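[1] Next input, structure requested:
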Amino acid sequence: MAKNEQEEKGTGGKAVNNYIKYTGLGFQMVAIIGLFTFAGYKIDTAMGHTTQWVTAVMSLSGVFISLFIAIRSVRN
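    Numbering: from 1, shown residues only. Prediction:
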């Protein structure tokens, strides 16, 4: 069987490696956004803010950082 036929059927090593790579990338994005949101929440509670603005800023920062990392990873 030719290498292209193996990749199309999903039995090739490269196709499986790409699947694992991109699945890991999703978990990494969730972890980054979660950590930034958690840090923002802790800062807001420690400072006694009535409006959770630090949580909002930190969670958006986490989204942008995780998107940057995802785009950089996909381009390579």
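[2] Poorly predicted segments of the chain, please.
    1-12 (pLDDT under 70).
[3] same thing but at 80, please
    The chain contains residues with pLDDT under 80 at 1-18, 21, 76.
[4] So the residue nearest in space to the middle of it, which state does it fall into?
    In the chain, the C-alpha nearest the mean C-alpha coordinate belongs to residue 29, at 1.2 Å (C-alpha atoms, centre = their mean). Under the three-state scheme (DSSP: H, G, I helix; E, B strand; the rest coil), residue 29 adopts helix.
[5] Let me know the helix or strand that the closest residue to it other than its chain neighbours is in.
    Nearest residue to residue 29 in three dimensions, chain neighbours excluded: residue 66, at 4.1 Å (C-beta to C-beta, 6 or more residues apart in numbering). The way it works is simple: take the backbone N, C-alpha and C, and place the C-beta from them, glycine included. According to DSSP states H and E, residue 66 maps onto helix 53-75.
[6] ditto for residue 35
    Using DSSP H and E, the element containing residue 35 is helix 13-47.
[7] Next, the angle from that helix to helix 53-75.
    Here the directions of helix 13-47 and helix 53-75 differ by 170 degrees (axes from the mean of the first three to the mean of the last three C-alpha atoms, to 10 degrees).
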